[in-house]
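>>> just need the structure, nothing else, for what follows:
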Amino acid sequence: MSALLSISDLHLGFKGLSGINNVLHGISLNIAQGERVALVGESGSGKSVTARIVLGLLQETRSARISGAVKFDGNDISAMNPKARAALRGTDMSMIFQDPTSSLNPAFTIGRQFTEVLRRRDPSMGADACQERATKMLGEVSILDPNRVLNAYAFQLSGGMNQRVMIAMALANRPKLLLADEPGTALDVSVQAQTLTLMRNLVADHGTAVLFISHNLGVVREFADRVYVIYRGNIVEDGPTQALFSDPRHAYTRALMSAVPRITGAGLPEVPEVSEDFFAPQISHGGVA
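Numbering: from 1, shown residues only. The predicted structure follows:
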């Protein structure tokens with residue numbers, strides 16, 4: 001199966017007063033059309049900056065030094081001009097951010113923001129068509145009173161409702177790739193579960209591929225088809241979800257899994273000591289590349 005998104009030997013550094021501070025060290029990953037792939041690691045490991053490179057945001061940052069290939073649907077994102085990269089965002093690529101409330105503009109109604117999203121794909125789309133499309137998408141994320149929501153501002157809605165709005169907006173233009181950066185982390189557990197169920201159903205219906213960024217292994221195990229584990233800007237292990245969870249081979253992956261709380265009454269889990277294995281070459285369980 002050919003890759004919709006292909007990242008090969010990606011390096012990222014930021015120019016500072018003392019030289020280049022390297023953040024990513026030759027990471028590679030692939031996502032096929034309709035596939036749900038997770039990028040897992042602790043805070044600061046390089047997950048979110050990888051997503052921003054895919055979106056074409058860091059290529060225009062003067063202090064960023066990027067090398068390697070990032071190809072989307074066969075086109076090299078870094079080789080595109082800024083206008084072409086911007087045209088991908090909100091159309092063929094969409095993103096769901098970690099905090100839904102702060103990601104929405106508090107000065108405009110949900111309806112106005114929805115209209116702007118829809119007109120990125122079709123600038124000639126009329127107000128009635130935008131209203132109809134927005135209402136349909138909000139219904140797909142189980143919002144029962146879409147007219148009230150479209151006339152509301154983000155601060156008038158709950159965090160869970162704003163998360164549903166963000167999912168609806170992200171999928172409104174039928175993107176080929178959805179990037180989800182810790183969606184639902186700021187919400188309670190029950191709303192997180194609802195959010196993941198909605199995402200799973202919607203991406204299946206629309207044939208959308210997903211790069212799911214998270215540090216929550218329990219969520220990843222339920223959602224992803226394949227997993228890449230990132231540590232200090234290196235992909236240290238990858239493979240199909242079931243294989244990776246049943247037989248984690250890298251010391252860092254085992255440490256992540258050992259750190260997950262368990263309701264066993266046996267006290268805190270033991271975490272393996274850091275050793276040279278943490279910096280070993282990438283381990284792959286095979287599967288779709």
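>>> where does pLDDT dip in the stretch 101-250 of the chain?
184-188, 191 (pLDDT under 70).
>>> at 80 instead, please
Low-confidence segments of the stretch 101-250 of the chain (pLDDT under 80): 183-195, 198-199, 202.
>>> ok now stretch 34-45, how far from the chain's centre?
In terms of Cα atoms, centre = their mean, to the nearest Å, the centre of stretch 34-45 is set 7 Å apart from its chain centre.
>>> now do stretch 38-57
The chain centroid and the centroid of stretch 38-57 are separated by 8 Å under Cα atoms, centre = their mean.
>>> which stretches of the protein form helices?
With DSSP state H as the criterion, the chain has helices at 47-54, 82-88, 100-103, 110-121, 127-140, 146-150, 159-171, 189-206, 217-223, 241-246, 251-258.
>>> now distance to residue 177 and mean neighbour count too, for those, in a markdown table please.
From N, CA and C alone the C-beta is placed, and that goes for glycine too. Below are the helices of the chain laid out as a markdown table (distance: least, Cβ to Cβ, whole Å; neighbours: other Cβ atoms under 10 Å):
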| stretch | distance to residue 177 | mean neighbour count |
| --- | --- | --- |
| helix 47-54 | 8 | 22 |
| helix 82-88 | 9 | 15 |
| helix 100-103 | 18 | 18 |
| helix 110-121 | 15 | 19 |
| helix 127-140 | 18 | 17 |
| helix 146-150 | 26 | 18 |
| helix 159-171 | 10 | 23 |
| helix 189-206 | 10 | 16 |
| helix 217-223 | 16 | 18 |
| helix 241-246 | 19 | 17 |
| helix 251-258 | 25 | 19 |
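>>> now those as JSON lines including distance to residue 67?
Output for the helices of the chain, formatted as JSON lines (distance: least, Cβ to Cβ, whole Å):
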{"stretch": "helix 47-54", "distance to residue 67": "11"}
{"stretch": "helix 82-88", "distance to residue 67": "17"}
{"stretch": "helix 100-103", "distance to residue 67": "30"}
{"stretch": "helix 110-121", "distance to residue 67": "30"}
{"stretch": "helix 127-140", "distance to residue 67": "38"}
{"stretch": "helix 146-150", "distance to residue 67": "44"}
{"stretch": "helix 159-171", "distance to residue 67": "29"}
{"stretch": "helix 189-206", "distance to residue 67": "31"}
{"stretch": "helix 217-223", "distance to residue 67": "28"}
{"stretch": "helix 241-246", "distance to residue 67": "28"}
{"stretch": "helix 251-258", "distance to residue 67": "24"}
